[in-house]
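>>> predicted model and sequence follow; I will ask about them next.
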Amino acid sequence: EAMVQSINGLAARADWVLPGIEEGEILTGETAPERVAAFYRAQGAKLVVVKLGADGAYYDSDVAGTGRVPGFRVEKVVDTVGAGDGFAAGGGSALLEGLSVPEDVRRGSWIGARCVQVNAIFSASSIASAPLLTKNTRVKSSPEKRINRCAARSRTSSGTALLWKLSVRACAVSAAVQPG
């Protein structure tokens, strides 16, 4: 009970809340992603994304309304550790770049899906070398150029230093390959 109160107290002060569905059930007592999101939106969160694993994610936002983003097909799950961090970094970097909420959630879902295909102790190059997720995946600019563009955008935003670090990591992860 004390843990739930502490975490929900912190979430009530956050602009973005990104629980997994299992976390959301523990923290809110709700089983539907729509209800989990409504709980945190009622506390003042501007964006709530409930991660649904292979089923993608549900979002509720003050600027984009509600919606679902489907998950990405994964050839083989190697390790789920870090998938949520990858999701947060991908989504945070997309928001810092000025992308829409659905694009933000899609990037987060894509990077999370890439993360589960490698061991938890990874580098950007090991994630970039994970099997392609869809036929619509296309090669983008060089990793160095993409990282530099992401870092320049995020340094000039109002994001925190931690989010800047996550943004740069997400850019490194998504530098070589992007969802199409």
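All right, it came through fine.

>>> separation between V4 and A38?
Distance, V4 to A38, using Cβ to Cβ, to the nearest Å: 17 Å. Where you see a C-beta, it was placed from the backbone N, CA and C, and this is true even at glycine.

>>> so between the two, which is more surrounded?
Just comparing V4 and A38: by other Cβ atoms under 10 Å the higher neighbour count belongs to A38, 16 against 12.

>>> which stretches of the protein form strands?
With strands called from DSSP state E, the chain shows them at 16-17, 47-51, 57-61, 65-69, 138-139, 177-178.

>>> what strands line up against the first one, and which way round?
Same thing as strand 16-17. For strand 16-17, the paired strands and their directions (DSSP bridges) read strand 47-51 (parallel).

>>> between the strand it pairs with and strand 57-61, how big is the angle?
170 degrees (axes from the mean of the first three to the mean of the last three Cα atoms, to 10 degrees).

>>> report the angle between strand 47-51 and strand 65-69.
For strand 47-51 against strand 65-69, the angle by the same axes, to 10 degrees is 30 degrees.

>>> contacts for strand 47-51, please.
15-21, 24, 33, 36-37, 40-41, 57-62, 84, 87, 91, 101, 105, 108-109, 112 (Cβ atoms under 8 Å, 6 or more residues apart in numbering).

>>> at 6 Å instead, please
Residues outside strand 47-51 that contact it (Cβ atoms under 6 Å, 6 or more residues apart in numbering) are 16-21, 24, 33, 36-37, 40-41, 57-61, 87, 105.

>>> tell me the average confidence for that strand?
Mean per-residue pLDDT for strand 47-51: 95.

>>> same check, this time on stretch 102-113
92.

>>> one step back: now list the buried members of the contacts of strand 47-51.
Using 16 or more other Cβ atoms under 10 Å as the burial test, the contacts of strand 47-51 include 16-21, 24, 33, 36-37, 40-41, 57-61, 87, 105 as buried.
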